[in-house]
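Undergrad: Okay, sequence plus prediction incoming.
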Amino acid sequence: MASRPGAVVSLQRLLLLAVVPALMLVGVHILLQFLADWFALDGRFIGPDAYMRVLRVGDLASGGSWYEPVAERSNAPYGEILHWTRPLDLLLLLGGILGAPLLGFDGALFAWATVFGPVLHIFTLVVLLWACHPLLNQKGLMLLGLLFTVQFFVSFQFAVGRPDHHGLNILFFIWQMGFAFRLSAVKCLKNLPLFAALPAALALWISIEGAVGTAMILTALCTAWIIHGGVYLHRMRLFLVSLSVGLILVLVAERLPSDLLTVEFDRLSVVHIALFAILTLAALCMPRMARLGNRLSLAVAAGVLTLTVLGLWVPDFFSGPMAAMDPLVYEIWFRNNAEVSPTLELDDMRRTGPKALAHLGLVIYAVPILVVLFFHYQGERRRNYAILSVFLLAGTALALREARWMGYPQILCLPPCIVLLQVLFARNAGPGLGRTAVRVGAVIVLATGPLIGGGLLRHAMPVPKQEKSCGLSEMALFLGVNYEHRPQTLLNFIYYGPELLYRTHHFVIATPYHRNTDGIVDTIKFLRSTDELEAISLIEERHIDLVLICPSDPEADNYRQTGDTPTLFMRLESDQPPPWLTMVPLPAELGQKFKLFQTQR
């Protein structure tokens, strides 16, 4: 007999429900590896972040500082401190340590970093089933798990060879979503707000993006309090007090005592703790302020007070973590970064339309379903669907603005789509070819409709194929063998930095991270230079030994420009270097992609 939504669900039941979807997830990741020529077996990761993350963990294991994780070989000769925090480093380090007796630390770290994403993906599946139990019965949860397996943008966050914090962000968002549903119920465990503060604090420690899930919990509690009062204020106060204490503890764990009061916007700092501390103080004062107005006006006043205090203290807080970005960095790197580019651009529908439909197509189904569910149900069920609706709309808006948010609306679309599927199943129950066709068709449309639609749209509006970046593994081997006796400082393309650091013992100037503004700006200035004295000055300042370029890489377009005077990059790609750069002979296969130059300094 199917369990009713909201009933207590055991871990054993969740694991049983997750078995088939988990096997499907394993199959999806194996299939994707097969289609990608098993790149993990060749010692490769996906993207520069994966290389930089594993390199960072290796540095920590070999005696690097926990509190000052300087990548000494990046942004040469000054070094680079990333905005990443330590939780994911710890998880990867643990796998390296446990596997060291069998594979050695480096081998174990690579193996664990390779499979970390799929393992986390399966764990996220179980958390999703737990989170949505207040909304769906047992059959609904089974369908939910199956539909989760074909959300391919989400799956990419957990891909083989991608040990990144984006998967952790999704996991902790789902975990907090589950607490939001439960805390808005009439009855819940007395200490549930205390437990909810754990994933909220960890999520904010991992990334400021974790505040989305925390906002969902606070929205659920605040809405329930405005409507019903009473116990919900107590829950909100317990949650905020616990969260504030938890954030203080993780800040102490992450930073030196002398650095605790440093204000930063791209990772957890004192300004974020102040935000929740003000909200906590407001919640604690609410009973004494009840005579000043109704609960809605008090909630609005608390929010306005919090924003006003932060605006007066640190006005840059509202400009986001990239507010101080150099315009040149924004033009060359950030604006062209796939993660932060808009999912849909009306003036570029040919390129962005298929992607938007493929990854956000479920929103077309989910929004009208949520409207119907809101008016159909009463009480806490209505409140849960209202919260889903608000955050689905907000998440979709964020995703349309920056592609990296697409996983959130994908997740939020799943529960209402499962409700639709169950309604169609119920109305077409029983034998009969027609009814069976309706049930099968509904599953196919929900599971693959957006992907097929996006594929058809891409076929109808084809775009020119973009050239791929040059593979660095063989070039790194050449650099390691031919320059093994003395580390060299390379001026390289921005996205090449992390993999070169991982595969060689050399130094690099640029990496694709906003805190390495100086390295990015100097690389752009050098390759775009039409003034030899400016380029020579950078060589002397940065102690540059080698210049490595790949003319067929899409990034190369940033260093070409029209005009009578060719840029330094244009001279290098046409084999006309200035006298202070000497072309290094490369093996035939490498020479077809790369060009390497030795400086005369």
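TA: Noted; the coordinates are in hand. The structure presented is a predicted model; accordingly, all values stated were derived computationally and were not measured.

Undergrad: need the contact list for the residue lying closest to residue 47 once chain neighbours are set aside.
TA: Beyond its immediate neighbours in the sequence, the residue positioned closest to residue 47 (C-beta to C-beta, 6 or more residues apart in numbering) is residue 162, lying 6.7 Å away. Placement of C-beta: from N, CA and C, glycine included. Applying C-beta atoms under 8 Å, 6 or more residues apart in numbering, one finds that residue 162 lies in contact with 45, 46, 47, 50, 117, 156.

Undergrad: got it, and residue 404?
TA: When contacts are taken as C-beta under 8 Å, 6+ apart, residue 404 is in contact with 166, 339, 340.

Undergrad: among those, who's most crowded?
TA: For those, neighbours were counted using other C-beta atoms under 10 Å, and residue 166 has the most, 21 neighbours in all.

Undergrad: neighbours around residue 375, how many?
TA: Under the neighbour criterion other C-beta under 10 Å, residue 375 is assigned a count of 9.

Undergrad: tell me the secondary structure for it?
TA: Of the three states, residue 375 takes helix according to DSSP: H, G, I helix; E, B strand; the rest coil.

Undergrad: mind checking how far it is from residue 385?
TA: Counting by C-beta to C-beta, to the nearest Å, the gap between residue 375 and residue 385 amounts to 10 Å.

Undergrad: now swap in residue 572 and tell me
TA: As judged by C-beta to C-beta, residue 572 and residue 385 stand 59 Å apart.

Undergrad: now do residue 474
TA: 54 Å.

Undergrad: The two - which one has more neighbours?
TA: Per other C-beta under 10 Å, whichever of residue 474 and residue 385 has more neighbours is residue 385, with 24 against 16.

Undergrad: and the more buried one, what does it touch?
TA: By C-beta under 8 Å, 6+ apart, the contact set of residue 385 is 135, 370, 373, 374, 377, 416.

Undergrad: Try it again at 7 Å.
TA: Taking C-beta atoms under 7 Å, 6 or more residues apart in numbering as the definition of contact, the neighbours of residue 385 are 370, 373, 374, 377.

Undergrad: In ChimeraX, how would I select just the buried ones from those?
TA: Buried members of these can be picked out in ChimeraX with the line below, counting by 16 or more other C-beta atoms under 10 Å:
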select :370,373,374
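
Undergrad: would you list the contacts of residue 385 in a markdown table and tack on pLDDT and distance to residue 482?
TA: Rendered in a markdown table, the data for the contacts of residue 385 read as follows (pLDDT from 0 to 100; distance: C-beta to C-beta, whole Å):
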| residue | pLDDT | distance to residue 482 |
| --- | --- | --- |
| 370 | 94 | 61 |
| 373 | 91 | 65 |
| 374 | 90 | 66 |
| 377 | 86 | 69 |
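
Undergrad: mind checking the SS state of the residue nearest to residue 142 when sequence neighbours are not counted?
TA: The spatially closest residue to residue 142, leaving aside those adjacent along the chain, is residue 17, at 5.7 Å (C-beta to C-beta, 6+ apart). The local conformation at residue 17, judged by three-state DSSP, is helix.

Undergrad: ok, how many other residues are close to residue 17?
TA: As a burial measure, residue 17 scores 22 neighbours (other C-beta under 10 Å).

Undergrad: how much space between residue 206 and residue 170?
TA: Distance, residue 206 to residue 170, using C-beta to C-beta: 11 Å.

Undergrad: Residue 55 too?
TA: For residue 55, the distance to residue 170 under the criterion C-beta to C-beta works out to 24 Å.

Undergrad: Looking at these two, which one has more neighbours?
TA: Neighbours were counted for residue 55 and for residue 170 using other C-beta under 10 Å; residue 170 has more, 25 against 18.

Undergrad: Where does that one fall, secondary structure wise?
TA: According to DSSP states H and E, residue 170 maps onto helix 165-183.

Undergrad: Can you give the distance of that helix from its chain's centre?
TA: Helix 165-183 sits 14 Å away from the centroid of its parent chain (C-alpha atoms, centre = their mean, to the nearest Å).

Undergrad: Now do that helix: which elements does it pack against?
TA: Contact analysis of helix 165-183 by 3 or more C-beta pairs under 7 Å, 6 or more residues apart in numbering; DSSP states H and E lists helix 87-131, helix 152-157, helix 192-206, helix 211-228, helix 407-427 as its packing neighbours.

Undergrad: Please tell me how far the residue most central in space within the chain sits from residue 312.
TA: Ranked by distance to the mean C-alpha position of the chain (C-alpha atoms, centre = their mean), the top residue is residue 166 at 2.9 Å. The span separating residue 166 from residue 312 equals 34 Å under the rule C-beta to C-beta.

Undergrad: Please apply the same query to residue 439.
TA: Residue 439 is 58 Å from residue 312, by C-beta to C-beta.

Undergrad: still on that earlier bit, in TSV: the contacts of residue 162, plus distance to residue 300.
TA: Rendered in TSV, the data for these read as follows (distance: C-beta to C-beta, whole Å):
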residue	distance to residue 300
45	47
46	44
47	42
50	44
117	41
156	39
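
Undergrad: of all these, which comes closest to residue 110?
TA: Looking at the contacts of residue 162 and their distance to residue 110, the nearest is residue 45, at 8.6 Å (C-beta to C-beta).

Undergrad: What ranges does the stretch 451-600 of the chain have for its helices?
TA: Along the stretch 451-600 of the chain, the segments classed as helices by DSSP state H, counting those that start in this stretch run 473-482, 497-503, 517-528, 532-542, 568-573, 588-591.

Undergrad: Name the stretch among the ones you listed that sits most buried.
TA: Per residue and on average, the most neighbours among those fall to helix 497-503, with a mean of 24 (mean count of other C-beta atoms under 10 Å).

Undergrad: Who are the packing partners of it?
TA: Using 3+ C-beta pairs under 7 Å, 6+ apart as the contact criterion, the secondary-structure elements in contact with helix 497-503 are helix 47-61, helix 473-482, strand 507-508.

Undergrad: Contacts for the lowest-mean-pLDDT helix or strand in the chain, please.
TA: Taking mean pLDDT, DSSP states H and E as the measure, the helices and strands of the chain show their lowest mean at helix 327-332, namely a mean of 77. Around helix 327-332, the neighbours that count as contacts under C-beta under 7 Å, 6+ apart are 517, 520, 521, 524, 558.

Undergrad: Check which residues of it are buried.
TA: 329, 332.

Undergrad: And the nearest residue to residue 172 once chain neighbours are set aside, how close does it get to residue 87?
TA: Beyond its immediate neighbours in the sequence, the residue positioned closest to residue 172 (C-beta to C-beta, 6+ apart) is residue 203, lying 3.7 Å away. For residue 203, the distance to residue 87 equals 10 Å [C-beta to C-beta].
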